[in-house]
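> what shape does this take:
(chains A and B)
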Amino acid sequence: DAGITQSPRHKVTETGTPVTLRCHQTENHRYMYWYRQDPGHGLRLIHYSYGVKDTDKGEVSDGYSVSRSKTEDFLLTLESATSSQTSVYFCAISESYNNYGYTFGSGTRLTVV
Amino acid sequence: QKEVEQNSGPLSVPEGAIASLNCTYSDRGSQSFFWYRQYSGKSPELIMSIYSNGDKEDGRFTAQLNKASQYVSLLIRDSQPSDSATYLCAVTDTGANSKLTFGKGITLSVRP
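Numbers count the residues shown, from 1 in each chain, chains lettered A, B, ... in the order given. Next comes the predicted model:
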């Protein structure tokens, strides 16, 4: 996971509270992604960014927002956490949108109680 | 909805055997294909990429792509217990800023 760091690694929060997860990269890659991974569903894209201030929705974006004010940082916010958002969240980075695959961070295990 | 399907598992093979992992995809325009390995509790790790029809070999791993059949596979020769993990197939979609769509993964267990 060299070059990409997620924080926090673990978090327990209460239903209805806002939560922000951070992804930080030192690779100067243009593309950044947020996925969630759940048993039986695999990895599903939440939001992605193709440049500073350029973001778009993925397949499971409801209840999530993102921001990217600097190349190195991509923030994922759960506006009002629900139990269905209990999951493992992975950030990924890519130099190119098509040809190099992604490098993943170590993940954040989020539990909403 | 673009789909990536991996054959159901788990898959169990004896040490030294060949493990064959298969994946089909629905988007005929997909151009880039990847295999990731994920150990329990860890993040996915890229192990193979393939972009054109045919075989691509890297050590004990061989990726095979058949775009006409929309099929990509991963062969692991001389399987080792350390290969026990979940393997994820990933395919890029078409269009600007294409993203990776992942299959649900197949869990491989290599028996000593």
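> quick one: contacts for the nearest residue to B:Ile18 once chain neighbours are set aside?
The shortest distance from B:Ile18 to any residue other than its chain neighbours is 5.4 Å, reached at B:Arg77 (CB to CB, 6 or more residues apart in numbering or on different chains). (Each C-beta comes from the backbone N, C-alpha and C, glycine too.) Residues in contact with B:Arg77, defined by CB atoms under 8 Å, 6 or more residues apart in numbering or on different chains, are B:Ile18, B:Arg60, B:Phe61, B:Thr62.
> which positions in chain B make contact with chain A?
Counting by CB under 8 Å from any CB of the partner chain, the positions of chain B adjacent to chain A are B:1, B:31-32, B:34, B:36, B:42-46, B:49, B:51, B:88, B:90, B:92, B:96-105.
> so where's chain A uncertain?
Along chain A, the parts satisfying pLDDT under 70 run over A:1-2, A:97-99.
> and the longest strand for it?
strand A:42-51 (DSSP state E).
> what residues does the next helix or strand after that strand touch?
Counting by DSSP states H and E, the next helix or strand C-terminal to strand A:42-51 is strand A:54-57. Applying CB under 8 Å, 6+ apart, the contact partners of strand A:54-57 are A:His47, A:Tyr48, A:Ser49, A:Tyr50, A:Val66, A:Ser67, A:Arg68, B:Asn97.
> of these, which pair is most distant in space?
A:Ser67 and B:Asn97 (17.5 Å; CB to CB).
> just the buried members of the contacts of B:Arg77?
Buried subset of the contacts of B:Arg77 (neighbour count, 16 or more other CB atoms under 10 Å in any protein chain shown): B:Phe61, B:Thr62.
> low-scoring pLDDT stretches of chain B, where are they?
Within chain B, the ranges that satisfy pLDDT under 70 run B:1, B:95-97.
> would you map the strands across it?
Under DSSP E, chain B gives strands at B:4-6, B:11-14, B:19-25, B:33-38, B:45-50, B:54-58, B:61-66, B:71-76, B:85-92, B:100-102, B:106-111.
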